[in-house]
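**Student:** test case, fold it:
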Amino acid sequence: MKLWEVMAGIEGLSFLGSQNVDVAGIRYDSRRVKPGDLFAAVRGQAHDGADFVLDAREKGAGSFLLEREIGGLKGSSIVVSDDIRRALALASKNFYGDPSSRLKVVGITGTNGKTTTAYLVHGILENAGVDAGLVGTVQYLVGGEVISASRTTPEAPDLAAMMTDMADSGSTACIIEVSSHALTLKRVTGVRMEVAVFTNLTADHLDFHEDMEDYFAAKVSLFEESEVAHCLINYDDPFGRRLIEKAKTKTLLFGMEKGEIRPDGKVELGDWGSRCSLNTPWGKVDVDSPLPGLFNVSNIMAAVGVCGLLGLDADSISEGICQVHRVPGRFEKIDRGQPYMALVDYAHTPDALDNLLKNVRELAQGRVVLIFGCGGDRDKTKRPIMGEIAERLADIIFVTSDNPRTEDPEKIIDDIFNGLTVGNPAVRRVSDRREAIRLGVDEAESGDVLVLAGKGHENYQIVGERTLPFSDADELAEAIRKSGESEL
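**Tutor:** Below is the predicted model of the structure:
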């Protein structure tokens, strides 16, 4: 494809050099550049792509997308954009032939519930015979291949390439978890969406966003897009109610008491799952799900709305819901025959931890034993808040390390303890996460619920600059196994 074709229809561009050069691929990472590629010098949080332009040229980049002119590129084909990330997204759309037009794309955004809702939608569609791709926090499913997820929402060229592979392999739908980072950095600009979903908004990512209003504005941007056919919004969330006013297209609401999708009568909850009947525009949808907790009923309502808007009937949706037995790291049960319930959950924000523990409290016949920490190099304001929530809703607490990254793990734990009562004997400080898990297992008794929160599906722990193998689910299962052996 010629450079002028890649840049067709994009406003705010100026050109230096020939627009008739061939473009073999689009890269934003100079380490991945191959001869003939267009290199986009985007600015990131840690690095400025402009610092790597000459490296890209040495590797054979044939053209460059820049936010300002750079010396040393004499004779090269250069495109300068006043909005380089928007230009990159639209150039990717052009280069890959507008792949979202070949798929029914669902974009799901919100602080909590994105992954569970995405897995539910994917499971319902697959059960109904719809071949669907998935792009999200846990993994990417592309053409039957499972790919490790490096970030919730990939950069625009990677996302466009994935959607192309999905469509080429026979997929007709694609579910994308859309992060606030992705919206701010315009990774999904130009993606046509059949349904855009808003789950909720609570305090998170305030190390990236200026404040909650800035965070909300990022989410709002998805629903102001002209290329979104339907908006599906959680009426129970106060930010969702604000969003209704801003959505620019057809809007459908879901909620516990108000909305086109809502429970009809009592919602039954237990450690076995959740059960209810939902009123929907497509008729009654009977829910009998192995996913427990009231928050999962909200996620189920969102998934029902998506699948209804994609054309599935009520019976197909009902049948598909019960087939989704687990979502990795989301209220995930670890059962090794122990006399208590053990759960792994990704809850790493105050609201998520609050919801998790309230739902666990409903299931516990005995005590709630909690193991948790907070990530380093992330929003520090939530640490004491999560400490206060833990003390209020759990009976025994082990405060430990999460992903400390470049911060001192002990300082992170200090911040959490600022929200705890000094000298509370129910709270224990155990910096080593593996040891905290072992002690939590030793503490748990029949009828208790043991909760390991924060890292969920992650199979690593980031300590300093190192990424070490570590799976909460595996570590918890192994600790339970060893505990059982020691009692024989």
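**Student:** show me what contacts Tyr119?
**Tutor:** For Tyr119, the contact set (C-beta atoms under 8 Å, 6 or more residues apart in numbering) comprises Leu134, Val324, Val327, Arg330. C-beta coordinates here come from the backbone N, C-alpha and C atoms, glycine included.
**Student:** Ile108 touches Glu177, doesn't it?
**Tutor:** Yes - with contact defined as C-beta atoms under 8 Å, Ile108 counts as touching Glu177 (5.5 Å).
**Student:** looks to me like Val220 is in a helix.
**Tutor:** Yes - under DSSP: H, G, I helix; E, B strand; the rest coil, Val220 sits within a helix.
**Student:** quick revisit: quick check: neighbours shared by Ile108 and Glu177?
**Tutor:** Going by C-beta under 8 Å, 6+ apart, residues that sit against Ile108 and also against Glu177 are Lys114, Ala118.
**Student:** have a look at these two and say which one is more surrounded.
**Tutor:** The neighbour count for Ile108 versus Glu177, taken as other C-beta atoms under 10 Å, is higher for Ile108 (28 against 25).
**Student:** residue nearest the centroid of the protein?
**Tutor:** For the chain, the residue lying nearest the average C-alpha position, counting by C-alpha atoms, centre = their mean, turns out to be Thr137 (4.3 Å).
**Student:** secondary structure class of the residue nearest to that residue when sequence neighbours are not counted, three-state.
**Tutor:** Leaving aside its chain neighbours, Thr137 sits nearest to Thr152 (4.6 Å; criterion: C-beta to C-beta, 6 or more residues apart in numbering). Following three-state DSSP, the label given to Thr152 is coil.
**Student:** identify the residues contacting the residue nearest to Gly373 when sequence neighbours are not counted.
**Tutor:** Spatial nearest neighbour of Gly373, chain neighbours left out: Asp402 (3.7 Å); criterion: C-beta to C-beta, 6+ apart. Applying C-beta under 8 Å, 6+ apart to Asp402 gives the contacts His348, Phe372, Gly373, Cys374, Gly375, Gly376, Ile412, Arg433, Gly454, Lys455, Gln461.
**Student:** and which of those is nearest Gly308?
**Tutor:** When the contacts of Asp402 are compared for distance to Gly308 (C-beta to C-beta), His348 wins out at 31.0 Å.
**Student:** so what's the backbone phi/psi at the closest one?
**Tutor:** phi -140, psi 20 (degrees, to the nearest 10).
**Student:** what's the answer for the one 3 residues further on, then?
**Tutor:** Comment: the main-chain dihedrals of Asp351 come out as phi -60, psi -40, following degrees, to the nearest 10.
**Student:** distance of the residue nearest to the centre of the chain from Leu90?
**Tutor:** As defined by C-beta to C-beta, to the nearest Å, Thr137 lies at a distance of 25 Å from Leu90.
**Student:** what of Gln139?
**Tutor:** Computed with C-beta to C-beta, the distance linking Gln139 and Leu90 is 27 Å.
**Student:** ok, the two, which is more surrounded?
**Tutor:** Using other C-beta under 10 Å, the more surrounded residue of Gln139 and Leu90 is Leu90, with 22 against 15.
**Student:** the more buried one: what's it in contact with?
**Tutor:** For Leu90, the contact set (C-beta under 8 Å, 6+ apart) comprises Gly9, Ile10, Thr189, Gly190.
**Student:** circling back to that earlier point, ok, the residue nearest to Thr137 touching Gly136?
**Tutor:** Yes - contact criterion C-beta under 8 Å: Thr152 and Gly136 qualify, at 6.2 Å.
**Student:** find residues that contact each of the two.
**Tutor:** Between them, Thr152 and Gly136 share the contacting residues Lys114, Glu177, judged by C-beta under 8 Å, 6+ apart.
**Student:** Val197: which element?
**Tutor:** strand 193-198 (DSSP states H and E).
**Student:** for the residue nearest to Thr137, phi and psi?
**Tutor:** phi -60, psi -50.
**Student:** tell me how many other residues crowd it.
**Tutor:** The number of residues packed near Thr152 is 20, by other C-beta under 10 Å.
**Student:** ok, Ala132 touching Ser169?
**Tutor:** No - between Ala132 and Ser169 there is no contact under C-beta under 8 Å: 11.2 Å.
**Student:** point out where the stretch 151-300 of the chain drops to low pLDDT.
**Tutor:** Residues of the stretch 151-300 of the chain that meet the criterion pLDDT under 70 lie in 203, 205-206, 209.
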